[in-house]
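K.L.:
From the sequence below, what's the structure:
(chains A and B)
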Amino acid sequence: MKEILVLNLTRFGDLIQTTPLLRRLKAQHPSARVTLAAQQRFSAILPLMSGYDRCILFDQDDVTLRLERDELLAGYEAVDRFVATLEEVQYDLVVNLTANRMSAYLVSLLHTNQTAGITSSDSGQRLISGAWGLYLYSFLLGDARRYNRINLVDIFSKMAGVEPDSRPVELHETAAGRLFATTFLDKSGIGTDRLVGLQLGASDTDRCWSSESFASLSDRLQELDGVRTILFGAPSELPLAKRAISLMKHPPINAVGATSIPELFSLLKSCSLLVSNDTGTMHFAAAGGVPVVMLTVGPAAFYCTGPYSAGNIALQSPLPCSPCRYHTECNNPVCRDLIPVESVLDGCRLLLGETAELQGRDAGVRFFRSRFGSDGYLEWEVIRNGNEPLERLSRRYSIALKRFLDDATASPLSTVPLFPELVALTEQGITLTSRIMKAAAQTPLPMELIGSLGAEESAIEAELKRLGAVKPHLAPLVDFLTLMRENISSDDLATVAEETRQLYHQGNLFARQL
Amino acid sequence: MKLFEKNLATLRRNNSLLAESILRVKPSGDLLSLERARNGQPSAKKNGVLLHSTYDPGKEALAWLSSAVQGEPRKLCVLGCGLGYHLAALADKGYHGAFIEPDPALFRLALEQQDLTALLENFRPLVGVSLETLRRAQRDLLAGETIAHPASVRANPSYFSPLIDYGRALSLVRRGGLKILLVNPLYGGSLPAARLSAAALERQGHTVEVFTSESFALGHEYADQFTHQAHKKEFTSGLVSLLGKGILLKAQEFEPDLVLALAQAPLHLPTLGRLEQMGIPTAFWFVEDYLSLPYWRIVAPNYGYFFGIQKGEFVSQLRSAGVRNYAYLPTAAAPEIHTPLTLTGEEQQEFGSPLSFIGSGYHNRQRFFRGLLDYSFKIWGSEWQLTRPLAPCIQRDAARVDTETCVKIFNSSAINLNLHSSTYHEGIDPAGDFVNPRTFEIACCSAFQLVDRRSLISELFADDELETFGSMEELRTKIDHYLADPAGRQRVAAKGRARVLEEHTYEARMEELLTLMLCAFPRIAERQESRLNKEHTVRNALESLPGMDEVMQHLPASGGIDLASICDAIDNVQGTLTRAERIFLMLKNMQPAKGSTP
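P.N.:
Numbering: from 1, shown residues only, chains lettered A, B, ... in the order given. Model (predicted):
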C-alpha cells in the first residue's frame, strides 16, 4: 500500500483511540503514506500523536456556523475545498472512523481501492464495508452492546485489516507541556506527594458521577498519607468544579480550564492515578501510563470505550439496565448513586498500591480490571461481583465473533450450537433464497412463484427480528444480519437474491460458531 | 370645437362610457386653467403647477422623451396626461399602452386643445378612476413599466405618489419569495377563505407557514361546558393566550416577513404587541360584517394594516378607533375550485333545478323565500327548519353542503338565487353594502345568479355581468324572464366569470394585500429584496456547479432556495449522485438543529 487515509472527524478521546491503529498501520505498511483527516477544533492533540505522515484538517465548526448564518454557498465552498484536498490522492485504503452520514457521503467521493467503515452507494444508500465494520455498527453502536467485549480500539484496527498488538494508546509529551507541569506543580507545593487526578465532568451530564461524591472522594483521598488531589476539566466545567470544591473539607489543586492540551497531558502524566467518568481525559491518562478508575455511569460502557491500557479499574452499578441505551432519557438515574464513594476509594487504594486487593465493604458494585489478552486484544476481567451468566455469554460471543469475523468458514468450536433456532431459521433462509435465485434465472420470470417465495422470505426476516426483540441476547446477531440486508444496493432480482442468500449463509456460519 | 369632436369620435369608438362621461364634465375645474406658451401652443396650469413649458411644449416633450424612455417601442403605463404632448411624442415613436389621469376636466381640456386621435389609438385612457379601482382592475398594467409625467405628479401628488409606490411594490410582490405566517381562524366561516388565501399565496411563489388554529376548535367548543359565563370567558381567554404563545413560537422559528390573520384568528393584544416588538408587520383580513361582529373595535388598531369588506361608515369608525392603515378588500373566488363543470345525468338529476339556493337558514331567507314556493325551488344548506312552508324545498334534511357539492349545484341550476343573510330583516337588507363570497363563487363557475342589490356590487360587476334584484316583485320578474332565456343567462354568466377571473380571485386579493403591506412597511420589501438577491446569487452559483443540472430542474422556479429544498430536489433525482449533490448531502448532515428557546 502506498496511500492510506484515516478519517476521524470526532473528538479528542476518539483521536487518542485512533493511535494504536495508526501505529499498527505503519508497522504493517511501512512504506505507505498515512494521512489523518481530523477536525480543526481538536487539532491541538495532533502534535502529541504519531503514526501519520500528514494531516488534513476540516473546520467543521466554521461550516456549521455558516449554515447557522444561512451562508449556504460559503459552507459549500468550505466543504468543497476540504473534499478537493482529499481527492488529490488515489488511496489504497480509506478507513472511516467517523460514524455519521456526512462522512459516508465524503468517503463515497474519494478515489480509493478499498474502504473500511461507512460509505454511501452511488445512489446515496448507506453502505458498511467489511465484516468488522458491520460488527462495529451492530454490536458497539447498536443497542446490544452489553454483549460486546471487544474494545473500539481493537475494532478500528480489525476494520483496517491490522492486528491488535497488546500495546496501549499512545501520546508523546512535549517539552513545553513538561515545563508547564513542573512549574504548575512546584507552585502548588506538591513536593513528594502522590497526585490523584479527578475528572468531574463528561460530554453528557448523564455520564457524570455526582459532584458531591467527587468532593467526598477527594477528601477521603487527601486523608490518605501523602496523597493530593488535582481537578481536571475544560473551562466549561469550572462551575461544576467550583461546586465540588465548595463541598470539600480539604481543598484540591484546581487545574480546571487552566491547561492547553499538551499541558493537560504532561500534568496528567505526573499523576499516580486518575478517577474519571467516561471522558477524553481518561484516554489521555491511558496514553500517559497513568492507571484509571473509570466510573461507568449512564450509557458509558467500559468494555467498548474504556481506557485502552492494562491495569485500569472500571466500576459499574449492579443495575440490570446498566449501561443504558444511547439517548435514554432516564427519570431516575440511580446508577450514579449505586457507586458509593467507599467503593471508588477501594479501587483507588488498590491502584495506588495501598492494598493488594479490594478490602472495603462490598456494596454490590461490579469491579473489573483491564489487561491485554494472549491474542493482543484488550480484555476486562471481573474482580468483584461480575454478572456471571452475562459474562459467560459475552465471552462466548467474543470468541466466536473473532473466529467468524476473521474467517467465516472456520470450523465451530462446539458441535452444539448455542442458539439452534437461529441455525434453523438461517438454513430455511438459504433454501428459500436458493429457490428465488433459480426462479430469477428463468425467462419469462415466474412472477407468481417469485412473489410467494418473496413473501416466505419476508416471514423469515420478520421471525428473525421477532427473535431479536424477545430474546435480547440474540439482538446483536440479528442486528448484524439486518445491517447486511441494508447493505444490499442492487435493483437486479437475481443479485438481490444471491446477496440475501449470502446473508443467511453468513448468519448460519455465525450462529454455528456460537 | 372641431378638434374636440374629432377626438371624441375616436374615444367613443374605443371607450364609449368614458366618452359619454367626458361630455358631462365641465371644460375646466376651479384649479385648472388654460395657458399659452410663447410659441403659441396651448399649455395648462393645474393646482398652481404649470404642466408644460411656457416656451415650447412640443420641444419640451421631445426632450423629456429622450431622457425618460430608451430602447425599442413597447408597452408603457404613463402617469398623467397633461395636454398630451408627451403622450403624442411617445405614440409617434411607436410606444403604446395606457395613461392614467385622475382629472376628467384636464382630459377634456386636452381633447379640446390638441389633436389626440393618433395618441388615443396607441394609449388607452384611464381617466377619473379611483386608486382603489386601479389597484383591482389594472394589476398587470401597474406591475409593468410605468413612467411619470413629472409636472402631472407635482400637480397631483396625493394621487400619483401612492400609485408610483404601489407599482414598485407590486412588481416586487410579483417576484414572489415573501415569507408569510398565516394565522387561520379558530372557528367560523372564514376558514375556507384562509385556506384559499394560503393556496393563492403559495401559487404566487411565496412561502406560507400556516398556524392551524382550527386544530384547537374542539377546545374552543369545550367552553360551552361551563355553566357560568365568567368561567367560559376565563377558559376561552386562557386558550387564546396559549394559541398566542404558539403563534409567537412559530414566528420565532419561521421568521416571517409579515403575519396575516383572518377574521376569528386567535391573535389577542399581547400577541400583537409582541409581534410588533419583534418587528413583524401584521395584517388582518376581516371578512365579516362589522355590524355583526363588533370585536374588530378592540383588535383593529393593533394591527399594522386592517383589510375589510366594507367602506363608508365603517371607514369612519375605524379611523375613530385609531386604525392607521385600512383598505377595502372584498372577498373572492378560487377558479381552481369554483369552475364550470359538466355533470353526469345522475348528478344533474340530483343537484339540478330551475331555481336553487345554497346557504344557512337565516331569518330573512326563511321569510323571503316563502314568496317563491310556486317555483320548482331547491334549498340547500343547514339551519333550515324542516317544517312548513319551506319544507318541500329543503334538500338533504338541511345538512351542510360541502364545497364540491356547492359547485355541482351552481353548475346544474338554471338560476342560483343569492340573498345576503340578515338576522332581522324580512327579506332584502335595504342598506346592505358588502358582497358575499357566494356572489364571486357562482360567477366564477360561469353559473347564472340573481343576487340582492348591494351598495358595493356595482363597482365589482357591471350591469351586463351580473343580474340583481331589489324586491320580491323584481326578483320574480327576472326569474320568469331568465328561465325563458337560457342564452341570456349564459351571456351574463360568461361575462361574470370573465370579470371574476380578471379581478376577483384570491390571487388578486392576496396580491393587493401584500402590495399595500409593502407600501406601508418598507422593511418587508427590504427583507424580500435582500433574500431574493441572495437567492439569485445562490441560483447562479448552483447553475455554475457541474452536476447540478437535474437538481436545478427539481427546484422551485421562484421562492426560497435553501439547503432543505436543494436536498429535497436531490432526493427527486434518480441515478448516480454527482459530486456537488454529495457535498450538499454532507452539508445537510452538518446542519445545526433549528429552533431556540423564546
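
K.L.:
all contacts plus neighbour counts: C-alpha atoms, from now on.
P.N.:
Will do.

K.L.:
and residue B:262, what are its phi and psi?
P.N.:
Main-chain torsions, residue B:262, degrees, to the nearest 10: phi -110, psi 160.

K.L.:
Surely it and residue B:195 touch.
P.N.:
No: using C-alpha atoms under 8 Å, residue B:262 is not in contact with residue B:195, being 9.9 Å away.

K.L.:
Quick one, grab the pLDDT at the closest residue to chain B within the stretch 351-500 of chain A.
P.N.:
Proximity of the stretch 351-500 of chain A to chain B (C-alpha to the nearest C-alpha) peaks at residue A:491, 11.7 Å away. On pLDDT, residue A:491 comes in at 84.

K.L.:
can you list the residues of chain B near chain A?
P.N.:
Applying C-alpha under 8 Å from any C-alpha of the partner chain, we find that chain B lies next to chain A at B:538, B:541, B:562-563, B:574-577, B:579, B:582-592.

K.L.:
what's near enough to touch the residue most central in space within chain A?
P.N.:
The centre of chain A sits closest to residue A:152, judged by C-alpha atoms, centre = their mean, with a distance of 3.7 Å. Listed by C-alpha atoms under 8 Å, 6 or more residues apart in numbering or on different chains, the contact set of residue A:152 reads A:17, A:136, A:140, A:304, A:305.

K.L.:
So which of those residues is the closest to chain B?
P.N.:
Nearest to chain B among the contacts of residue A:152: residue A:136, at 20.7 Å, using C-alpha to the nearest C-alpha.

K.L.:
So chain A: which segments form each domain?
P.N.:
Chain A breaks down by automatic domain parsing into domains covering A:3-129, A:188-372, A:420-513.

K.L.:
And the lengthiest helix in chain B, what's buried?
P.N.:
What stands out as the longest helix in chain B, according to DSSP state H, is helix B:229-254. By 16 or more other C-alpha atoms under 10 Å in any protein chain shown, the buried positions in helix B:229-254 come out as B:232, B:235-236, B:239-241, B:243-245, B:247-252, B:254.

K.L.:
What is the burial count for the residue of the stretch 301-450 of chain A found nearest chain B?
P.N.:
Here the stretch 301-450 of chain A gets closest to chain B at one residue, residue A:327, 16.1 Å apart by C-alpha to the nearest C-alpha. For residue A:327, the neighbour count with other C-alpha atoms under 10 Å in any protein chain shown is 9.

K.L.:
Residue B:427 reaches residue B:371, doesn't it?
P.N.:
No: with contact defined as C-alpha under 8 Å, residue B:427 and residue B:371 do not form a contacting pair (10.1 Å).

K.L.:
Looking at these two, which one has more neighbours?
P.N.:
residue B:427 (23 against 13).

K.L.:
if I pick the more buried one, what's in contact with it?
P.N.:
Per C-alpha under 8 Å, 6+ apart, neighbours of residue B:427: B:364, B:365, B:367, B:368.

K.L.:
If you drop the residues flanking it in sequence, what lies closest to the last one?
P.N.:
Think residue B:368. Of all residues not flanking residue B:368 in the chain, residue B:427 sits nearest, at 4.7 Å (C-alpha to C-alpha, 6 or more residues apart in numbering or on different chains).

K.L.:
What's the local residue count around the residue of the stretch 1-150 of chain B found nearest chain A?
P.N.:
Closest approach between the stretch 1-150 of chain B and chain A, counting by C-alpha to the nearest C-alpha: residue B:143, at 30.7 Å. Number of residues near residue B:143 (other C-alpha under 10 Å) recorded here: 19.

K.L.:
what about stretch A:222-236, how long is it end to end?
P.N.:
Criterion C-alpha to C-alpha, to the nearest Å; first-to-last residue distance in stretch A:222-236 is 25 Å.

K.L.:
Which residue ranges of the stretch 251-400 of chain B form helices?
P.N.:
B:269-277, B:296-299, B:313-320, B:345-351, B:363-368 (DSSP state H, counting those that start in this stretch).

K.L.:
most packed of those?
P.N.:
Neighbour counts (mean count of other C-alpha atoms under 10 Å in any protein chain shown) averaged over each of these peak at helix B:363-368, with a mean of 18.

K.L.:
buried ones in stretch A:135-146?
P.N.:
Result for stretch A:135-146 [16+ other C-alpha under 10 Å]: buried residues A:135, A:136, A:137, A:138, A:139, A:140, A:142, A:143, A:144, A:145, A:146.

K.L.:
for residue 81, helix, strand, or coil?
P.N.:
No chain in the question, so chain A it is. Here residue A:81 is helix, with the state taken from DSSP: H, G, I helix; E, B strand; the rest coil.

K.L.:
how near is residue B:138 to residue B:160?
P.N.:
15 Å.

K.L.:
out of the two, which sits in the more crowded spot?
P.N.:
It is residue B:160, of residue B:138 and residue B:160, that has more neighbours when counted by other C-alpha under 10 Å, with 23 against 15.

K.L.:
quick check, the more buried one in a helix?
P.N.:
Yes: using three-state DSSP, the assignment for residue B:160 is a helix.

K.L.:
For it, which non-adjacent residue is spatially closest?
P.N.:
Using C-alpha to C-alpha, 6+ apart, the closest residue to residue B:160 is residue B:153 (5.6 Å).

K.L.:
picking that back up, I'd like the distance between the residue of the stretch 351-500 of chain A closest to chain B and residue A:449.
P.N.:
19 Å.

K.L.:
Among those two, which residue is more densely surrounded?
P.N.:
Taking neighbours as other C-alpha under 10 Å, residue A:491 and residue A:449 compare with residue A:449 leading, 14 against 8.

K.L.:
surely residue A:413 meets residue A:513?
P.N.:
Yes: using C-alpha under 8 Å, residue A:413 is in contact with residue A:513, at 6.4 Å.

K.L.:
With neighbour numbers in mind, choose between the two.
P.N.:
Per other C-alpha under 10 Å, whichever of residue A:413 and residue A:513 has more neighbours is residue A:513, with 27 against 14.

K.L.:
Could you tell me which residues make contact with the closest residue to the more buried one other than its chain neighbours?
P.N.:
Spatially, and ignoring its direct neighbours in sequence, residue A:513 is nearest to residue A:412 (4.5 Å; C-alpha to C-alpha, 6+ apart). Residues counted as contacts of residue A:412 (C-alpha under 8 Å, 6+ apart) are A:400, A:512, A:513, A:514.

K.L.:
What is the burial count for residue A:463?
P.N.:
Residue A:463, neighbours per other C-alpha under 10 Å, totals 14.

K.L.:
In terms of helices and strands, where is it?
P.N.:
helix A:447-470 (DSSP states H and E).

K.L.:
ok so, going back, looking at the contacts of residue A:412, which one is closest to residue B:534?
P.N.:
Among those, residue A:400 lies closest to residue B:534 (C-alpha to C-alpha), at 58.2 Å.
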